[in-house]
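Engineer: what follows is a predicted structure for the sequence shown.
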Amino acid sequence: MLVPTDNISSKVKIIYLNGSQRFTGQMVQCQTCGEEFYVQANLVGKSKYCCRECYRISQLGKTPPNLGIPHTEETKNKISIANTGKHHSEESRQRTRTGGIILCQLCSTEFYVPNCRKDIAKYCSKKCAFAARVGIHLSDEHRRNVSRATIGKIVSDETRQRMSLAAKGKKRKPFTQEHKDKIRETLTGRPLSEKTKHKLSLAMTDKPGWCTGLKLGPLSQETRDKLSKIRKGKKKSEDHKRKIGEAHKGMHHTEESKKQMSESHKRNFQDPKYANNYARKFIKRPTKPELITKELLNTLCPDEWKYVGNGGVYFGRCNPDFINVNGQKKIIEVFGEYWHRDRTNKPIPYYQTEEGRKVVFSRFGYQTLVIWSKELEDIPTVTQKILAFVEDK
């Protein structure tokens, strides 16, 4: 309640009651429009304008005192809360606009752009922008800029749902081989996070594999080369090996599967290149007995015998240890008892026995001498055996 104490003049004191307290203010003159307005006592000397419009007019052409000073996070939050739910009137929008009107390059519609986008804006809406890009391929630099701009951004579930609905029913052109190669190069060697692995695991749970129920024939040479290139240089971690071992525990091949694997190995070993690669990867050569025999041969017959037990020469599936290179068709084999003699629980294949090896090599016109690793404990006896074999014509 306002209670005037004197006659109202250009500077009149007003007393208004608020409970038991009394506050005194006065009338001051607006520096823009000249009208008088009431000011509380604590704001006398500070208030200069009667309304925001007068203040805005007074600031035209002046540089704001806080220009270039960024807002603090606290101030930003306050501004955001204060502006929530508020909308500019058309008059306010027209007053704050500092840009201009240009024509859309696709539909020729006039639309407003701010000064900062006058030189780069071309289309009035996203629809026109997307329609104009059909058939246009982005440059590599443009793609890199788009990629950098999206790194670290997380798409909300709502946006994912909208994207999924928009893509449903649309037929996408198949990727070209060049596009596939680029995708493969981009993803090669990129480690997956534990979160991504967990998502993939959940997505694939209870889903049949892509080849379930298909009868796949032998892989083409092109496919084999691709798989070989992808796997080359990759080593399984100990954890991966352990998981594979646990997954195969208790599993046994059927008789039909064993037969197919055996026939496949026989076919593969007909190729000298395959046999040589197999020997180099899985057979550690030369063994200790072979090294002893090699030293004996170099002493007794220098430059007449060559070690080929590392896969250098194959006769069918059989890889001899030493072969004569001095004009004689002779072979020396060094046998270990564990691998070349029958055991009670696992019989030895015929071509791995002493008799079987001699039969195989004789088909190619070679004579064969077999030295057992136990015999190497008596070097003089082995020496006599080798000399007798070499001198036998």
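Structural biologist: Ah, there it is.

Engineer: helices along the stretch 1-150 of the chain, start to end?
Structural biologist: 52-58, 73-83, 90-96, 126-132, 140-150 (DSSP state H, counting those that start in this stretch).

Engineer: mind telling me which of the ones you listed the model trusts least?
Structural biologist: For these, the bottom mean pLDDT is recorded on helix 90-96, which sits at a mean of 75.

Engineer: next, format the helices of the stretch 1-150 of the chain as TSV and append distance to residue 331.
Structural biologist: C-beta here means a position set from N, CA and C on the backbone, and glycine is covered the same way. Converted to TSV, those look like this (distance: least, C-beta to C-beta, whole Å):
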stretch	distance to residue 331
helix 52-58	106
helix 73-83	85
helix 90-96	97
helix 126-132	75
helix 140-150	61
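
Engineer: would you mind splitting this structure into its domains for me?
Structural biologist: 2-58, 94-132, 284-391 (automatic domain parsing).

Engineer: so which of these is the most packed in?
Structural biologist: Most buried of the domains of the chain, by mean neighbour count (mean count of other C-beta atoms under 10 Å): domain 284-391, with a mean of 15.

Engineer: on that earlier part again, for the helices of the stretch 1-150 of the chain, which one sits closest to residue 248?
Structural biologist: Evaluated over the helices of the stretch 1-150 of the chain, closeness to residue 248 peaks at helix 140-150, with 41.0 Å, by C-beta to C-beta.

Engineer: which one of the domains of the chain lies closest to residue 184?
Structural biologist: Taking C-beta to C-beta, domain 94-132 is the member of the domains of the chain nearest to residue 184, at 27.9 Å.

Engineer: and the end-to-end length of the closest one?
Structural biologist: With C-alpha to C-alpha, to the nearest Å as the measure, the ends of domain 94-132 fall 30 Å from one another.

Engineer: remind me which residues of the stretch 201-350 of the chain are low pLDDT?
Structural biologist: 210-217, 279-280, 282-284, 342-346 (pLDDT under 70).

Engineer: nearest residue to residue 277 in space, please, no chain neighbours.
Structural biologist: residue 311 (7.5 Å; C-beta to C-beta, 6 or more residues apart in numbering).

Engineer: likewise for residue 175?
Structural biologist: Counting by C-beta to C-beta, 6+ apart, residue 175 lies nearest to residue 183, which is 7.5 Å off, once chain neighbours are set aside.

Engineer: which of the helices or strands spans the one you found?
Structural biologist: Element membership for residue 183, per DSSP states H and E: helix 177-187.

Engineer: helix or strand next in line after that helix, which one?
Structural biologist: Criterion used, DSSP H and E; the element after helix 177-187 is helix 194-204.
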